[in-house]
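*Asks:* What would the 3D arrangement of this be:
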Amino acid sequence: MNRLIKTLYFWIGIALICNLLSLSAGLFSNVLPKGFFLLYPIAGVMQFPLILAIALAHFGLNILFDLLPERFARKGQWLTCTLLLFFCTGVYLSSQIMRIEIGSFLSWDMLGVAISDTKQLLPDIGRRIGVHLLVLALLTSAVGFGFVRYYHHTSRPVGRKFAIIMAVVLGLSGTSFAMVMGSSKPSAWQVQYDMLPTTFLTSTWAENLLLTDDYAAEAIETIQLDPRTSLEEYLEYNTPQTTPNIFLIVLESITWNHFSFTGYEREDITPNLQAFSEQSTLFPFTYAAANHSNYAQPSIHSSQYPLRTKNLNTYTTVDYPKTLLFDILANSGYQTAFISSQNEDWCGMKTFLFADTELQYFRHSKDELGDDIGAESKIDDKLTCEWALEYLEQRDPETPTFLYINLQRTHFPYDIPEEADRPYQPCSTDDFQFSYLGYPRDEIQTVINKYDNALHYVDEQVGTFINYLKENDLYEDSLIIITTDHGESFYEHGFPTHSSSLYDDQIRVCTLIKQPGQKTAAVRNDPISQIDINPTILEILGMENYPSFQGEPILNNPRTNPIYFICHSINRGIGILDYPLKFILPDTRRQHLTHIEEDPAEIIDYSSQDPERMLELRKQLEIFRQQQLYYYMDLPAEERSNLFPPRL
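*Replies:* Take a look at the predicted model:
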């Protein structure tokens, strides 16, 4: 018991030191909200459950080492304390830096992404805070040595005093949780999300454990779950009425208005896509299902919304009905191929793709770079297009083809080959701190120049592929769709890159659809979701929508239902678009109602101007969330396997 008390005292002391440093950093950077001196103590006691969990885990490991001879036990306990302390304080430091740079602490989802892709992120972390981490490693090593001496010292903490302290702290912590999490006041949100990295993590942890019952009864009463039917049964009454070659090209991280054909000021940036748009139907109000690829891209393939869990879903278990367009077309006489510049193992995407699906032809970055690479490593898009052309050369020309291509050069850090054209200058980011999570705001134009050069390069690769189709009589009669998986921010709403907010700069993209024989341009200004792409392809082929698809065919009629989108990464949140109104509900509960027509930049919050409509949209959004989570998390796996996802 004495050693348990010592371990708890140790971690409480570490937390107090970190909190004082966090307070100092917040004051220095001027990021703390007004009245923080009243809210800070509440945030301090709310972090106690997380501190207690860490202390108990540490104590448990020490007990295991106590089973060894003393000299080995002490070394093991020193190493354990050092590593655990380095990890916890490193996360705390990184979270505090994020708070200062982009206004948000490190979330559990982002922490999971970082841990899963350590190899990819280590160089960037080393460049940004390598010196800080080196100093931290030396400090934690020394503190770990001191802890072991304290842990084995014969001094005995007073048990009664400890019990009183624990009772007071637990009582204050429980009371604070009840007050804060049961309140809708802005000050309560500030305590949870604006004060301390550990309170932020503890609050989101508690929210995941608590049942959210807003509209739960109505959600369950109104949920529509159709009995599962097999693909074979679907194909009995659904055969393609026409079988054109189908080419689906998904680009990376490009907002809808960053092309020449959507009004971007650099009219020469995408000449090949410009030419393609003149023979296609443009959907400039396309909304991604998420603002990060590991959700957005699988949603395109499955025509299903990615909200399946409360936290980041890495597809460790795919125990629900999921049918890809590849499955339908492969069983309808098509030869299919999947060719990607990225590592499809990123956050489990390949696991999702291959669950109950046999891809006939599959190539991604690991086929070129090998298995020993970072999870997000990518290859040059020029090589990807060469693979695509090789596939077209070897395919059976008498059998219709469905080919999916994913290009990645417009993903951060926007690197292109040395010999590539760079018409937009200056574009070097070598002279300033440049990372996915931030860069100096006075260098935004330099970063945009680098990004635009990457987009120009991607446009060249798309042009090469389209020119091949034209030269080989594969263009005119083919169905060709080009879209991007999500957008990209340049601090329009305080965030760089993507996976952090659900404003249009990160969630709105555009889609180009060229039907067989189409020779003129058209524009559709009604909103669509990217999960509508698969149903629309089936519609063009003369087939009914597949029953597991949550998207809608939109070729002949506008979409009838609202559009939903989600973020499970740097921040968490969900949103709904019922055009022209868009409602965003982050997990920080700072809801925002925007009007896309009146305020395209989404600066104004219309919540106070139209509170009734805001409440209606929030209710729709909460019911959507409840129904998705009920289906994927609450239904027993055996029952879920016999039902399609909620019909929306």
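
*Asks:* any idea how far the residue nearest the centre of the chain lies from residue 108?
*Replies:* In the chain, the residue lying closest to the centroid (C-alpha atoms, centre = their mean) is residue 292, at 3.6 Å. Residue 292 sits 15 Å away from residue 108, going by C-beta to C-beta, to the nearest Å. For glycine as for every other residue, the C-beta is placed from the backbone atoms N, C-alpha and C.

*Asks:* Then residue 283 would be within a helix, right?
*Replies:* No: counting by DSSP: H, G, I helix; E, B strand; the rest coil, residue 283 is not found in a helix; it is strand.

*Asks:* Quick one: mean pLDDT for stretch 347-360?
*Replies:* For stretch 347-360, mean pLDDT is 92.

*Asks:* what comes up buried for it?
*Replies:* Buried residues in stretch 347-360, counted by 16 or more other C-beta atoms under 10 Å: 347, 348, 349, 350, 351, 352, 353, 355, 357, 359.

*Asks:* which SS state does the residue nearest to the first one when sequence neighbours are not counted fall under?
*Replies:* Beyond its immediate neighbours in the sequence, the residue positioned closest to residue 347 (C-beta to C-beta, 6 or more residues apart in numbering) is residue 294, lying 3.6 Å away. When states are read from three-state DSSP, the local structure at residue 294 comes out as helix.

*Asks:* does residue 294 really touch residue 351, like I thought?
*Replies:* No: the criterion here is C-beta atoms under 8 Å, and residue 294 misses it with residue 351 at 10.8 Å.

*Asks:* which neighbours do these two share?
*Replies:* residue 314 (C-beta atoms under 8 Å, 6 or more residues apart in numbering).

*Asks:* what about residue 73, how many neighbours?
*Replies:* 17 (other C-beta atoms under 10 Å).

*Asks:* give me the element it is part of.
*Replies:* In the assignment (DSSP states H and E), residue 73 maps to helix 70-102.

*Asks:* what about the residue sitting furthest away from the middle of the chain, distance to residue 6?
*Replies:* The outermost residue of the chain relative to its centre, with distances by C-alpha atoms, centre = their mean, is residue 154 at 50.2 Å. Separation of residue 154 from residue 6 (C-beta to C-beta) stands at 12 Å.

*Asks:* List the buried residues of whichever helix or strand comes after the helix holding residue 73.
*Replies:* For helix 70-102, the following helix or strand on the C-terminal side (DSSP H and E) is helix 108-116. Within helix 108-116, the residues scored as buried using 16+ other C-beta under 10 Å are 108, 109, 110, 112, 113, 114, 116.

*Asks:* which residues sit against helix 108-116?
*Replies:* Contacts of helix 108-116 with the rest of the structure, by C-beta under 8 Å, 6+ apart, involve 91, 121, 201, 204-205, 311-312, 314, 347, 375, 568-570, 572.

*Asks:* Using CSV, please lay out the residues you listed together with distance to residue 605 and secondary structure.
*Replies:* Shown next, in CSV, are the contacts of helix 108-116 (distance: C-beta to C-beta, whole Å; DSSP: H, G, I helix; E, B strand; the rest coil):
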residue, distance to residue 605, secondary structure
91, 32, helix
121, 34, helix
201, 27, helix
204, 23, helix
205, 29, helix
311, 27, coil
312, 28, coil
314, 34, coil
347, 32, helix
375, 37, coil
568, 24, strand
569, 23, coil
570, 21, coil
572, 20, strand
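
*Asks:* Excluding residues flanking it in the chain, which one is nearest residue 587?
*Replies:* Closest residue in space to residue 587, ignoring its immediate chain neighbours: residue 572 at 4.2 Å, by C-beta to C-beta, 6+ apart.

*Asks:* residues contacting the one you found?
*Replies:* Contact analysis of residue 572 by C-beta under 8 Å, 6+ apart lists 107, 109, 204, 311, 586, 587.

*Asks:* The lowest-mean-pLDDT helix or strand in the chain to helix 70-102, inter-axis angle?
*Replies:* Lowest by mean pLDDT, DSSP states H and E among the helices and strands of the chain is helix 108-116, with a mean of 74. For helix 108-116 against helix 70-102, the angle by axes from the mean of the first three to the mean of the last three C-alpha atoms, to 10 degrees is 120 degrees.

*Asks:* Surely residue 439 is in contact with residue 445?
*Replies:* No: assessed by C-beta under 8 Å, residue 439 is found out of contact with residue 445, at 11.3 Å.

*Asks:* re the thing from before, which one of the contacts of helix 108-116 is nearest to residue 540?
*Replies:* Nearest to residue 540 among those is residue 347, at 31.1 Å by C-beta to C-beta.

*Asks:* No further questions, thank you.
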